[in-house]
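J.: 3D, please:
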Amino acid sequence: MALTKENLIRSIRTQCGLPKTTSGVLLESLLNILKSTLESGEGVLITGFGKFSLKDKNKRRGRNPQTGRKLIVKSRRILTFR
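T.: Predicted coordinates:
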């Protein structure tokens with residue numbers, strides 16, 4: 001089972017005794033803070049849980065698994081969690 005926003009909202013509501021709408025606003029605010037911090041290029045460290053950070057991957061040679069045709073995979077930025 002995947003952990004969804006709805007499950008998180010329900011857990012916040014249960015553990016903190018907050019109304020569902022307040023729990024939803026709280027979760028959305030937290031996610032927006034995490035997203036904006038990562039978009040600015042900074043990492044997010046949550047002590048006792050882990051660290052979210054961005055990593056740049058260089059372009060590389062690859063191949064299409066369906067056709068076997070060789071191609072170049074573009075450089076990109078990925079989110080990592082440790």
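J.: Using CSV, list the CA coordinates for the longest helix belonging to the chain.
T.: Secondary structure of the chain per DSSP state H: the longest helix is helix 20-39. C-alpha atoms of helix 20-39 as CSV (Å, rounded to 0.1, in the frame of the first residue of the first chain):
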residue,chain,number,x,y,z
LYS,A,20,-9.4,17.5,8.5
THR,A,21,-9.2,20.9,6.7
THR,A,22,-6.5,22.2,9.1
SER,A,23,-4.5,19.0,8.7
GLY,A,24,-4.7,19.3,4.9
VAL,A,25,-3.5,22.9,5.0
LEU,A,26,-0.6,21.9,7.3
LEU,A,27,0.5,19.1,5.0
GLU,A,28,0.2,21.3,1.9
SER,A,29,2.3,24.0,3.6
LEU,A,30,5.0,21.5,4.5
LEU,A,31,5.1,20.1,1.0
ASN,A,32,5.3,23.6,-0.5
ILE,A,33,8.2,24.5,1.8
LEU,A,34,10.1,21.3,0.8
LYS,A,35,9.4,21.9,-2.9
SER,A,36,10.5,25.5,-2.9
THR,A,37,13.6,24.7,-0.9
LEU,A,38,14.6,21.9,-3.3
GLU,A,39,13.8,24.1,-6.4
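J.: so what does it touch, helix or strand wise?
T.: Here helix 20-39 touches helix 5-16, strand 44-46, strand 50-57, going by 3 or more CB pairs under 8 Å, 6 or more residues apart in numbering; DSSP states H and E. Every residue, glycine included, has its C-beta placed from N, CA and C.
J.: mean confidence score for that helix?
T.: The average of the pLDDT scores along helix 20-39 is 95.
J.: If you count neighbours, what's buried in that helix?
T.: Across helix 20-39, burial judged by 16 or more other CB atoms under 10 Å covers Ser23, Gly24, Leu26, Leu27, Leu38.
J.: now those residues in JSON lines, with distance to Thr67?
T.: Output for these, formatted as JSON lines (distance: CB to CB, whole Å):
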{"residue": "Ser23", "distance to Thr67": "48"}
{"residue": "Gly24", "distance to Thr67": "45"}
{"residue": "Leu26", "distance to Thr67": "47"}
{"residue": "Leu27", "distance to Thr67": "43"}
{"residue": "Leu38", "distance to Thr67": "34"}
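J.: Perfect, that will be all.
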